[in-house]
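Please find the sequence and the predicted model below.
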Amino acid sequence: MLELRQALEDISAIRTQVARGTQFRGYGPLSIASSGVLALGVAAAQVRWPNGDIKFFLLIWISTAAVAVFLAALETTLRVRKVHSGIAVEMIQAAVEQFLPCIVVGILLTVVLTRVAPEASWMLPGLWAVMFSLGVFASCRFLPRQMFAVGAWYLAAGLVCLLLSGGHRVLSPWAMGIPFGVGQLLVAAVLRYGYEDTGAES
């Protein structure tokens, strides 16, 4: 019985190691591109019907992020089962491990900033983009090498947002819409055309 348990643990460890060393092809360009278009659309709508309340701003963008994550998770689950059928669960776990820390930090920072220093909430879009860039950089070794440029976009966009917003210190919908809208469209392009055998990624 002990030998069987040890063998199963060894097999699980091997599968996990293989997953961590395999290029991840589960992310789908369709859902990622849709999230980019959604971000730009939400920003345009929010500019048309402005509301300076931080709670309203957070509600809008957290809801937008939730829809984007749902679409991405749905397409990713379907693609992973097809592309990485033998180690699908391990591949998803490895991908989540790379990106989850920046998401958790972003949530915690948002809670702390809005509670302790709500007057500094104008910094959130820029900080979110910077933290998202860290998640992209952490995931680069699993993805096409062009994804590094996407991480650089998010980092640069976040820093520029902080610089530009520092003058008037007001939450701007475009500070969310442009970095994340353009960024997600770039991610989708890399996922669609960045792999060596692009025909398998359509």
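Cool, got the structure.

Report the contact partners of Leu58.
Going by Cβ atoms under 8 Å, 6 or more residues apart in numbering, Leu58 touches Thr110, Thr114. C-beta here means a position set from N, CA and C on the backbone, and glycine is covered the same way.

so how far is Ala156 from it?
24 Å (Cβ to Cβ, to the nearest Å).

do the same with Arg192
22 Å.

Neighbour count for the two, which is higher?
Each of Arg192 and Ala156 has its neighbours counted (other Cβ atoms under 10 Å); Arg192 has more, 17 against 14.

I'd say that one and Pro29 touch.
Yes. Using Cβ atoms under 8 Å as the test, Arg192 is close enough to Pro29 to be in contact (4.2 Å).

what residue lies at the spatial centre of the chain?
Phe132 (6.1 Å; Cα atoms, centre = their mean).

Would you mind listing where this protein has pLDDT under the threshold?
For the chain, applying pLDDT under 70 flags the ranges 1-23, 84-88, 196-202.

Enumerate the positions of stretch 63-80 that are buried.
Thr64, Ala65, Ala68, Leu71, Ala72, Glu75, Thr76, Arg79, Val80 (16 or more other Cβ atoms under 10 Å).

One more: stretch 152-171?
Trp153, Tyr154, Leu155, Ala157, Gly158, Cys161, Leu162, Ser165, Leu171.

repeat for stretch 106-122
Buried, per 16+ other Cβ under 10 Å, within stretch 106-122: Gly106, Thr110, Leu113, Ser121, Trp122.

which of these lies closest to Asn51?
Ser121 (13.5 Å; Cβ to Cβ).

any idea how far Ser165 is from the closest one?
Counting by Cβ to Cβ - Ser121 and Ser165 are separated by 10 Å.

Over to Gly52?
13 Å.

Only C-alpha atoms, please: export the helix or strand harbouring Leu124 in CSV.
When elements are assigned from DSSP states H and E, Leu124 belongs to helix 124-139. In CSV, the C-alpha atoms belonging to helix 124-139 read as follows (Å, rounded to 0.1, in the frame of the first residue of the first chain):
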residue,chain,number,x,y,z
LEU,A,124,-5.4,52.7,-8.5
PRO,A,125,-5.6,52.4,-12.3
GLY,A,126,-1.9,53.0,-12.7
LEU,A,127,-1.0,50.7,-9.8
TRP,A,128,-3.3,47.9,-11.2
ALA,A,129,-1.5,48.1,-14.6
VAL,A,130,1.9,48.0,-13.0
MET,A,131,0.9,44.9,-10.9
PHE,A,132,-0.7,43.3,-13.9
SER,A,133,2.6,43.7,-15.7
LEU,A,134,4.3,41.7,-13.0
GLY,A,135,1.9,38.9,-13.6
VAL,A,136,2.6,39.0,-17.3
PHE,A,137,6.3,39.0,-16.7
ALA,A,138,6.0,36.0,-14.3
SER,A,139,4.0,34.1,-17.0
